[in-house]
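> Can you look at this prediction? I've put the sequence above it.
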Amino acid sequence: MAKAGITFKARLRAWWEGVEVTPDDLADGPRRRTPRLEMPVAAPPVATPLEEWETARTRITQLVWGHGFDKPGGPDHILDLAKSFELEAGKVVMDFGTGLGGAARILSQKFDVTVMAFEGDPILSRAGKQISVLDGLDRKADIQRYVPGEFDPVQNSFDCVLSTEALHAFDSKYDTIALLLKGLRPKGHLAITDYTLGPGVSPHDKRLRDFQTGSLDLWRQDQYEQRFTEMNLDLKSSQDITDEYRNMILQGWMNFAQGDQLTFATARAHPAAVIAELNLWTKRLDALEKGLVRFVRFHAVKRTGARLMSDW
């Protein structure tokens, strides 16, 4: 098992202090460290000021995870999730828990589909909407604010529903999944990735308190599977991809540590945001490494006559 936790954080701190960090350093623990090469004498780059719709958090997360993303994996991960969707021009997709909307924009650009994306965090939804505008995708990848109690998709209006790393924050998962299914057309595809409880771990385990800020309601993998069965979904796969996800996390931070001088200048301009993001993912890596939390990928298809909330 590769090292994480404080070792991972120490390696990023070494980069912060001006020590070269190699891919092997990030993947396998402390190795030799080479002094950072001196740059030719030139005016150092200056971080561009934040736009009115930006925050330090939204700027820094994109330096780690890529343009328009606030989660690990980036375009390759999203396109891999979408392989089973049978997407083609004209189809309509829901992206639930979109964050900054990276997945919505990638799907829209790649397949010429229309994506309606929902995000509950007001900071992320606002920034995500503006990024879509700047990318010329505000009509094809619209980011909308999710408001509890108001989210009620039109029945059978989406060909596919995607939700990545979102449902663990909902204590109303039971009903939320039913709402996602309500919006999905018969024979439509549902893909979910989320954190789940590790084997034998209680949802009340005190070690989970630092996993994230805000609400946390983790299910076991089999609880998701049971809910899909109750809703008469055809569950095609339920796959633990924790190791793959861990690598995606480390890859994002490696990219950040090997960024250009503008990346470094931006990080220096917003140190609190860098530290907050680093602390969050250090704790998540620690939980994944210790087996407290797993990362699971689900794919299901809505059968004709699948049960809706109105049937309960």
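Ah, there it is.
> so where do the helices sit in the stretch 151-300 of the chain?
Assigned by DSSP state H, counting those that start in this stretch, the stretch 151-300 of the chain shows helices spanning 173-183, 221-230, 242-257, 261-269, 271-289.
> quick one, which of those helices is nearest to residue 199?
Comparing the helices of the stretch 151-300 of the chain by their distance to residue 199 (CB to CB), the top pick is helix 221-230, with 9.1 Å. Heads up, the C-betas are built off the backbone N, CA and C, glycines and all.
> Show me the residue sitting in the middle of the protein in space.
In the chain, the centroid-proximal residue (CA atoms, centre = their mean) is residue 71; its distance is 3.2 Å.
> Correct me if wrong: that one contacts residue 165.
Yes: using CB atoms under 8 Å, residue 71 makes contact with residue 165 at a distance of 5.5 Å.
> rewinding a little: please report how far the residue nearest to the centre of the chain lies from residue 99.
Residue 71 sits 6 Å away from residue 99, going by CB to CB, to the nearest Å.
> Could you list the low-pLDDT ranges of this structure?
Counting by pLDDT under 70, the chain has low-confidence residues at 1-42, 305-312.
> Break down it into its strands, ranges please.
Counting by DSSP state E, the chain has strands at residues 92-96, 114-119, 141-145, 158-164, 184-197, 233-240, 293-302.
> buried set for the fifth one?
Taking 16 or more other CB atoms under 10 Å as the neighbour-count basis, strand 184-197 is seen to contain the buried residues 184, 185, 188, 189, 190, 191, 192, 193, 194, 195, 196, 197.
> do the first one as well
Burial within strand 92-96, assessed by neighbour count using 16+ other CB under 10 Å, is assigned to 93, 94, 95, 96.
> what's the neighbour count on residue 253?
With neighbours defined by other CB atoms under 10 Å, the count for residue 253 comes to 24.
> mind starting the numbering at 46 from now?
Right, with 46 as the first residue, what we last looked at is residue 298.
> That one and residue 109: what is the separation?
As judged by CB to CB, residue 298 and residue 109 stand 6 Å apart.
> Of the helices of the stretch 196-345 of the chain, give the one that comes closest to residue 91.
Of those, nearest to residue 91 by CB to CB is helix 306-314, at 6.1 Å.
> Packing partners of that closest one?
When contacts are defined as 3 or more CB pairs under 8 Å, 6 or more residues apart in numbering; DSSP states H and E, helix 306-314 packs onto helix 101-110.
> Pretty sure residue 224 sits against residue 200.
No: using CB under 8 Å as the test, residue 224 is too far from residue 200 to be in contact (10.3 Å).
> More neighbours: which of these two?
More neighbours surround residue 224 than the other of residue 224 and residue 200, with 17 against 13 (other CB under 10 Å).
> measure the more buried one to residue 201 for me?
According to CB to CB, residue 224 stands 13 Å off from residue 201.
> Next up, the contacts around residue 347.
When contacts are counted by CB atoms under 8 Å, 6 or more residues apart in numbering, residue 347 touches 226, 229, 230, 231, 232, 233, 234, 235, 278, 279.
> rerun that using 6 Å as the cut-off
229, 231, 233 (CB atoms under 6 Å, 6 or more residues apart in numbering).
> quick revisit: just send the helices of the stretch 196-345 of the chain back as a markdown table, with distance to residue 190 too.
Output for those, formatted as a markdown table (distance: least, CB to CB, whole Å):
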| stretch | distance to residue 190 |
| --- | --- |
| helix 218-228 | 16 |
| helix 266-275 | 26 |
| helix 287-302 | 26 |
| helix 306-314 | 27 |
| helix 316-334 | 22 |
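> Which residue, other than its chain neighbours, is closest to residue 216?
residue 262 (4.3 Å; CB to CB, 6 or more residues apart in numbering).
> okay, now the one you found: neighbour count?
Other residues near residue 262 come to 12 when the count uses other CB under 10 Å.
> Go ahead and confirm it touches residue 219.
No: counting by CB atoms under 6 Å, residue 262 does not reach residue 219; the two are 10.3 Å apart.
> before we move on, back to that, could you dump the contacts of residue 347 into CSV with distance to residue 325 added?
Compiled in CSV, these are given as follows (distance: CB to CB, whole Å):
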residue, distance to residue 325
229, 31
231, 39
233, 33
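> Quick one: end-to-end length of stretch 275-294, please.
33 Å (CA to CA, to the nearest Å).
> Residue 255: how many residues sit nearby?
Using other CB under 10 Å as the criterion, residue 255 is surrounded by 15 other residues.
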